[in-house]
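A.B. asks: got a sequence here, can you model it:
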Amino acid sequence: MIKGVRGKEPVIGDDCFIAENATIVGEVIMGNQCSVWFNAVLRGDVHFIKMGDKVNVQDGVVIHCTYKKSPTTIGDNVSIGHNAIVHGCTIHDNVLIGMGSIIMDDCIVESNSIIAAGAVLTKGTHVPSGTIFAGMPAKKIKDISPELSSGEINRIAEAYIMYSGWFKESE
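C.D. replies: Prediction:
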């Protein structure tokens, strides 16, 4: 479902894949080559959600904001793993957000970082560039090697462009 709310309509970039049962409402601005997978919900009803290029929002993800306080901004080349919650925060470029993780209001995740599966970033957490955060509440566990950065962050983002192509071919 793609639906306007309070006079704000979603804007979807070129060459994107939106699953039939994904929900995108309100002020959601999406870049090019993005994918929004099955049962994902992007609710731009209380503030805006802005996504760059090559962002994949995997199955069951919820992206939302806080009314008049905390929008959600997501950079380029970001993978958001299955069932993650991304709420009222800023995610920079080249980030991997692991499955089932939660990123709360006013968090900032700088570029070239990984949020481990199941991690919980409490309100206002700042993730420096090139680090891995894990746990509940999430803390830095180590720095990212260049191999891990290109091997995982880029590999997953590129894979989701390929996967979405399979679905676009069958339309």
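A.B. asks: quick one: contacts of the longest strand along the chain?
C.D. replies: In the chain, with assignment by DSSP state E, the single longest strand is strand 41-51. Outside strand 41-51, the residues that touch it by CB atoms under 8 Å, 6 or more residues apart in numbering are 5-6, 8, 10, 22-31, 34, 36, 57, 61-74, 78, 88. All C-beta spots, glycine's among them, are computed from the backbone N, C-alpha and C.
A.B. asks: for PyMOL, what selects the buried ones among those?
C.D. replies: The buried residues among the contacts of strand 41-51 can be selected in PyMOL (16 or more other CB atoms under 10 Å) with this line:
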select buried, resi 10+22+23+24+25+26+27+28+29+30+31+34+36+57+61+62+63+64+65+66+70+71+72+73+74+78+88
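A.B. asks: check this protein and tell me which residue is nearest its centre.
C.D. replies: residue 80 (4.3 Å; CA atoms, centre = their mean).
A.B. asks: show me which residues of the helix-or-strand element of the chain with minimal mean pLDDT are buried.
C.D. replies: Ranking every helix and strand in the chain by mean pLDDT, DSSP states H and E puts helix 146-148 at the bottom, with a mean of 77. Residues of helix 146-148 classed as buried: residue 148 (neighbour count, 16+ other CB under 10 Å).
A.B. asks: and the next element down the chain from that helix?
C.D. replies: The helix or strand immediately downstream of helix 146-148 is helix 155-169, counting by DSSP states H and E.
A.B. asks: so for that next one, mean pLDDT?
C.D. replies: For helix 155-169, mean pLDDT is 89.
A.B. asks: which strands or helices does that helix pack on?
C.D. replies: Counting contacts by 3 or more CB pairs under 8 Å, 6 or more residues apart in numbering; DSSP states H and E, helix 155-169 packs against strand 17-18, strand 35-36, strand 56-57, strand 79-80.
A.B. asks: would you turn the ones you listed into a markdown table with distance to residue 138 and mean pLDDT?
C.D. replies: Formatted as a markdown table, the helices and strands packed on helix 155-169 follow (distance: least, CB to CB, whole Å; pLDDT from 0 to 100):
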| stretch | distance to residue 138 | mean pLDDT |
| --- | --- | --- |
| strand 17-18 | 30 | 96 |
| strand 35-36 | 25 | 98 |
| strand 56-57 | 20 | 98 |
| strand 79-80 | 15 | 98 |
